[in-house]
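In: sequence-free structure coming up:
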């Protein structure tokens, strides 16, 4: 078990009860010993469910199953069952059979129709999922369901994570408070487009499924699709959101609910980067002045994924030449003589060369910080994009040359 | 200075004299101390020159200058002057002025027109090139020109390289032997498309410039654009080829000359991977059965650039699940149930799951080798592509968290 990330938050946040959803976690022994590795979230009737999934062409059996079930709403409740230790990915027809068996057993244990059972699996790829170990603990899970059980659920889904991830925001709708609480796991195999990890978000607000799906998909573009640890994309990435409908109703885009949801998603996304395998620095890459947002995104992506940039940051080296390199290779429209670069508030380069005021000592002092910001202005137009990444350290190599994921 | 790569060849090859070209190398003190850091190659009248360059939008002043001069032939000779230690990249108008001064001085020292002087610079980005140190040694370089001086030239252009790189092949044309000899530098910031490093190739064959350019550009796609160390692309990448015209003439594509040139380029490309920063394993990634060659290339690129695949190889872990992940994220058309994977001759996975005959011990034993081959068949069509890469080790982090490139 790797040491706690130096970028970890002080503690797991106090997540409130969300009316209409209860949680349970237990030890099924899927792969890990002496820790919880399966969690169940059970939502009451009237719940709507939205989801965003990896676009990998080798995505796992549970992802394919979830995708097929999203958007089919009949007023029933819903269950989310997640195991860690085995991803049930690249397990052929046997993997699909495992999902079917788990869903049937969860349906029977909860009284829900099979189409309302969503499952996720995370962990090793290519090994048969011992689904009997999961179905064997279903009665125990159902018996242990607790409205306050979200933190144990967050712990049960961890793999190489060094801390459990949770976030909460509240929004005021028509004089009534609604709550949004989410949990996530993820630390390696993190890349944008598409996305990143396992994330489960719950709200007591009432939101029609199409509206919930629209908000979730759009906000993913500005949150989970804007982070990268190693540029690698999981076969299991799943974001599910359940709205139990027990508080005020959200009827349109762009209001306080969507703002709060954005914050929950960004908070969880940042926590995943802060738990990036081996990370010692959290880095915001903000690109402005591109000819389009898409071009700005290319540049931000190129910088945030560059091993040479990320190792320089690990070495606390203000090596802006590597940022120039990453801009150049991005494929975005750029003009050397209009490019400027900042470290935090320090102007490092402008007009195609080092700034006359820049002194290496300033940059070196800045790089000793734990939260860094690289600003790049292309000087071409109004396009902008922001991404978040971490440094690339020895610990990343250690974790990934040893751990079988 | 990092230790010699464990993948280095036994020794520098015996490179023959190429009639019509002489070499010199010396110490100019551009950045490094107590080693040669500038080389001059001088070609006789009748030489044709072709070139392929980085497509980076922040490419260096010497690259821009070379690009402008390629293809303008007037029967004169040509000079190639290369320094290491400073790349003269992202140095604004001052960088262009440095190139102009160097070209003018080389022209004056050699009697060649300025349009026939090609320069390259490799090393740190963003610092002014002390061109006066280079022009100060020009007389010494010209006085030291030697037809047998290609190996010292190969040594003078090294940066983080742990060994100088050279290759030679011969071809029989109309009963006459022609020779092709090349040198290269490069070990980090190596990525396909475009390219790689500094490479200079010389032949005594007579080849019209358009034909030489066509061959060089096409063969680059199958050699230097098929290797990757870290997915990062230099601002200085330059491949120049000079044909002195002192032996038999090559008049068409596809003959023994092009075959020999392909071998020289592939040999140098492989040597660059073998000198990949921190590399301990040389890995061929061969993809077949894609719907197109372009799709096969996407898959090969995705596997060869994946930090999770490359760290698994460093750890001698036959982690084929990460290869499935890399196929999935490539964007190529793939069907989990038709995918098969091989390590060397060992079938690891087929039909969407691990092969019934596969045993982990077999894969683990194979991974202990130094030269590895990962074969992926997508089972979709006839598209294929091969790329070469190395593992990702602690030494890569060491080199790049310390070295200012």
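Out: Here it is on my side, so go on. Nothing here was measured: the structure is a model prediction, and the numbers come from that model. Numbers count the residues shown, from 1 in each chain, chains lettered A, B, ... in the order given.
In: mind listing what the residue nearest to residue A:130 when sequence neighbours are not counted touches?
Out: Excluding the flanking residues, the one nearest residue A:130 by CB to CB, 6 or more residues apart in numbering or on different chains is residue A:30, at 6.2 Å. Glycine gets a C-beta too; all of them are placed from N, C-alpha and C. Neighbouring residues of residue A:30 by CB atoms under 8 Å, 6 or more residues apart in numbering or on different chains: A:37, A:38, A:83, A:84, A:85, A:86, A:123, A:129, A:130, A:133, A:134.
In: could you tell me which of the residues you listed are located in strands?
Out: By the criterion of DSSP state E, membership of the contacts of residue A:30 in strands covers A:38, A:83, A:84, A:85, A:86, A:123.
In: neighbour-wise, which of these leads?
Out: Each of those was scored for neighbours by other CB atoms under 10 Å in any protein chain shown, and residue A:83 scores highest at 29 neighbours.
In: let me see the contact set for that one.
Out: A:28, A:30, A:37, A:38, A:119, A:120, A:121, A:122, A:123, A:129, A:134.
In: partners of it in the sheet?
Out: Counting by DSSP bridges, residue A:83 forms beta bridges with residue A:38, residue A:121.
In: sticking with residue A:398, tell me its helix or strand.
Out: Under the criterion of DSSP states H and E, residue A:398 resides in helix A:394-402.
In: that helix - what's its average pLDDT?
Out: Averaged over helix A:394-402, pLDDT sits at 77.
In: packing partners of it?
Out: Contacts defined by 3 or more CB pairs under 8 Å, 6 or more residues apart in numbering or on different chains; DSSP states H and E place helix A:394-402 against helix B:307-314, helix B:394-402.
In: can you tell me which of these is most buried?
Out: helix B:307-314 (a mean of 26; mean count of other CB atoms under 10 Å in any protein chain shown).
In: run the chain-centre distance for the next helix or strand after that one.
Out: Proceeding N to C from helix B:307-314, the next assigned helix or strand is helix B:320-329, under DSSP H and E. Relative to its chain's centre, helix B:320-329 lies at 27 Å (CA atoms, centre = their mean, to the nearest Å).
In: helix B:320-329 to helix A:394-402, inter-axis angle?
Out: Per axes from the mean of the first three to the mean of the last three CA atoms, to 10 degrees, the angle that helix B:320-329 makes with helix A:394-402 is 110 degrees.
In: could you give the mean pLDDT of the next helix or strand after helix B:320-329?
Out: Remark: after helix B:320-329, the chain's next helix or strand is strand B:340-343, criterion DSSP H and E. Averaged across strand B:340-343, the pLDDT comes to 95.
In: ok, stretch A:243-257 next?
Out: pLDDT averaged over stretch A:243-257 gives 96.
In: just the buried positions in it, please.
Out: Buried residues in stretch A:243-257, counted by 16 or more other CB atoms under 10 Å in any protein chain shown: A:243, A:244, A:245, A:246, A:247, A:248, A:249, A:250, A:257.
In: ok, so of those residues, who is nearest chain B?
Out: Nearest to chain B among the buried residues of stretch A:243-257, counting by CB to the nearest CB, is residue A:243 at 30.2 Å.
In: returning to that earlier point: nearest to chain B among the ones in strands among the contacts of residue A:30?
Out: Proximity of the ones in strands among the contacts of residue A:30 to chain B (CB to the nearest CB) peaks at residue A:123, which lies at 9.9 Å.
In: which residues touch that closest one?
Out: By CB under 8 Å, 6+ apart, the contact list for residue A:123 reads A:30, A:31, A:83, A:84, A:85, A:86, A:87, A:159, A:405.
In: which single one of those residues is nearest to residue B:356?
Out: Set against residue B:356, the nearest of the contacts of residue A:123 by CB to CB is residue A:86 (19.4 Å).
In: any idea of the pLDDT on the closest one?
Out: For residue A:86, the model assigns a pLDDT of 91.
In: likewise residue A:221?
Out: We have a pLDDT of 87 for residue A:221.
In: ok but it is inside a helix, no?
Out: Yes - according to DSSP: H, G, I helix; E, B strand; the rest coil, residue A:221 belongs to a helix.
In: so, low pLDDT: which residues of chain A?
Out: Judged against pLDDT under 70, the low-scoring parts of chain A cover residues A:1-2, A:187-196, A:229-235, A:402-405.
In: mind giving me the domain ranges of it?
Out: Recorded structural domains for chain A (assignment: automatic domain parsing) are A:21-274, A:282-402.
In: residue farthest from the centroid of chain A?
Out: Residue distances from the centre of chain A (CA atoms, centre = their mean) peak at residue A:356, which lies 40.4 Å from the mean C-alpha position.
In: for chain B, see how far away that residue is.
Out: As for residue A:356, its distance to chain B is 11 Å (criterion: CB to the nearest CB, to the nearest Å).
In: that residue in helix, strand or coil?
Out: Classified using three-state DSSP, residue A:356 is coil.
In: and the contacts of residue A:123 as TSV, adding distance to residue A:348?
Out: TSV is the format used below for the contacts of residue A:123 (distance: CB to CB, whole Å):
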residue	distance to residue A:348
A:30	49
A:31	46
A:83	47
A:84	42
A:85	45
A:86	46
A:87	42
A:159	38
A:405	37
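In: between these, which is closest to residue A:152?
Out: Using CB to CB, the contacts of residue A:123 come closest to residue A:152 at residue A:84, 12.8 Å.
In: for that closest one, which non-adjacent residue is closest in space?
Out: residue A:37 (4.8 Å).
In: show me what contacts the one you found?
Out: Residue A:37 makes contacts with A:27, A:28, A:29, A:30, A:31, A:83, A:84, A:85, A:156, as judged by CB under 8 Å, 6+ apart.
In: show me the contacts for the fifth one.
Out: By CB under 8 Å, 6+ apart, residue A:31 lies in contact with A:37, A:84, A:85, A:86, A:123, A:124.
In: same check on the first one?
Out: Residue A:27 makes contact with A:34, A:35, A:36, A:37, A:38, A:137, according to CB under 8 Å, 6+ apart.
In: tabulate those residues (TSV), appending distance to residue A:334.
Out: Formatted as TSV, the contacts of residue A:27 follow (distance: CB to CB, whole Å):
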residue	distance to residue A:334
A:34	53
A:35	48
A:36	49
A:37	47
A:38	49
A:137	55
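In: now distance to residue B:346 too, for the domains of chain A, in TSV please.
Out: TSV is the format used below for the domains of chain A (distance: least, CB to CB, whole Å):
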stretch	distance to residue B:346
domain A:21-274	15
domain A:282-402	21
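In: of all those, which one comes closest to residue B:318?
Out: Per CB to CB, nearest to residue B:318 of those: domain A:21-274, 10.8 Å.
In: any idea how far apart the tips of that closest one sit?
Out: With CA to CA, to the nearest Å applied, domain A:21-274 spans 28 Å between its terminal residues.
In: where's that domain relative to the chain centroid, distance-wise?
Out: Worked out by CA atoms, centre = their mean, domain A:21-274 lies 11 Å from the chain centre.
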